[in-house]
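Student: What would the 3D arrangement of this be:
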Amino acid sequence: MARQIFQLKMSLAGTRPPVWRRVLVPAGYTLDRLHRVVQHAMGWRDCHLHSFEIDAVQYGEPDPDGELALHDELDVRLDAVLGKGSRFSYTYDFGDWWEHDLVVEDALTADPEERYPVCLAGERACPPEGVGGQLGYQALLEALDDQTAPADLASPRQAILRDWAGPTFDPSRFDPTRATT
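Tutor: Predicted coordinates for the structure are as follows:
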């Protein structure tokens, strides 16, 4: 029997310019495994809580204290709750609130010679962890974009943000081969 894969497009909601990835994942994966795919493909470090919302139902890691009403993501296979055209969301880091819009663009037959998951395409680097959500990321992009002012003439906040991001962070850089798990 041929295995099915889903072609997913995941976009980081509200980022301008857009940050997105296109991946192929086995349709038999659980939401827990999809969480790991999103983390790797986007470039997150899996340091924070997360949840999925599919058809107004919340999924994630069960809260031992029972404060968050989440269905266990380990119990849910993608092909049981999703199909071609399905739209759902994934939220990472409840402090910074990084919301990802996901869509199942296609359902395909897996190539028996291929290893999955695989990242096919994408644009832009993922925002750094702890940047402060959308507003913090926008401030970082503005600080990095303001190349007209030397570091010593930049506003103190811009200088702090540039130093915090470090010299190797390039928001325009993305390599799909590095995003494949």
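Student: Break the chain into its domains for me.
Tutor: With domains defined by the TED database, the chain comprises 4-126+172-178, 133-165.
Student: and those domains as CSV, adding mean neighbour count and mean pLDDT?
Tutor: Glycine gets a C-beta too; all of them are placed from N, C-alpha and C. Compiled in CSV, the domains of the chain are given as follows (neighbours: other CB atoms under 10 Å; pLDDT from 0 to 100):
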stretch, mean neighbour count, mean pLDDT
domain 4-126+172-178, 16, 95
domain 133-165, 14, 80
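Student: doesn't residue 171 fall inside a strand?
Tutor: No: secondary structure assignment (DSSP: H, G, I helix; E, B strand; the rest coil) places residue 171 in coil, not in a strand.
Student: ok, it to residue 58 distance?
Tutor: Look at residue 171 and residue 58: by CB to CB, to the nearest Å, they are 31 Å apart.
Student: do residue 117 as well
Tutor: With CB to CB as the criterion, residue 117 and residue 58 are 23 Å apart.
Student: what ranges do the strands span in the chain?
Tutor: For the chain, the strands defined by DSSP state E occupy 4-12, 20-26, 50-54, 57-60, 71-72, 87-92, 98-109, 118-123.
Student: and the third one, which strands flank it?
Tutor: Using DSSP bridges, the strands paired with strand 50-54 in its sheet are strand 57-60 (antiparallel), strand 87-92 (antiparallel).
Student: One more: the last one?
Tutor: Using DSSP bridges, the strands paired with strand 118-123 are strand 20-26 (antiparallel).
Student: how big is the angle separating the partner strand from strand 4-12?
Tutor: If you take axes from the mean of the first three to the mean of the last three CA atoms, to 10 degrees, strand 20-26 sits at 160 degrees to strand 4-12.
Student: Tell me how far strand 20-26 lies from the chain's centre.
Tutor: 10 Å (CA atoms, centre = their mean, to the nearest Å).
Student: Could you do stretch 162-179 as well?
Tutor: How far stretch 162-179 lies from its chain's middle: 15 Å, per CA atoms, centre = their mean.
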